[in-house]
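> fold the following.
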Amino acid sequence: MARFLILGGVVLIVAGLMLKVGVPLGRLPGDITIRRSGGSFYFPVVTCIVVSIVLSILASFLRR
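You can find the predicted model right below:
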């Protein structure tokens, strides 16, 4: 449990630093944005794929 909490903290710190530097998390090319007069819809397809790959790599390192 301690390892999971430490890893979660490190991930949040890295994500915060990336946002501070200006890495566009959540607005990558390939994300779906539909804007109409009644509102807008945003679905981060590519962002979800990138996050999934990064988390899979981290999980594989933790299993070893």
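> how about the spatially most central residue of the chain, secondary structure?
With distances taken as Cα atoms, centre = their mean, the residue of the chain nearest its centroid is Val51 (4.3 Å). What DSSP: H, G, I helix; E, B strand; the rest coil gives for Val51 is helix.
> so what's the predicted local confidence for it?
Val51 is assigned 82 on the pLDDT scale.
> separation between it and Val23?
Relative to Val23, Val51 is positioned 13 Å away (Cβ to Cβ, to the nearest Å). Every residue, glycine included, has its C-beta placed from N, CA and C.
> swap in Pro29?
Relative to Val23, Pro29 is positioned 14 Å away (Cβ to Cβ).
> more neighbours: which of these two?
A count of neighbours by other Cβ atoms under 10 Å puts Val23 above the other of Pro29 and Val23, at 12 against 6.
> report pLDDT for the more buried one.
For Val23, the model assigns a pLDDT of 71.
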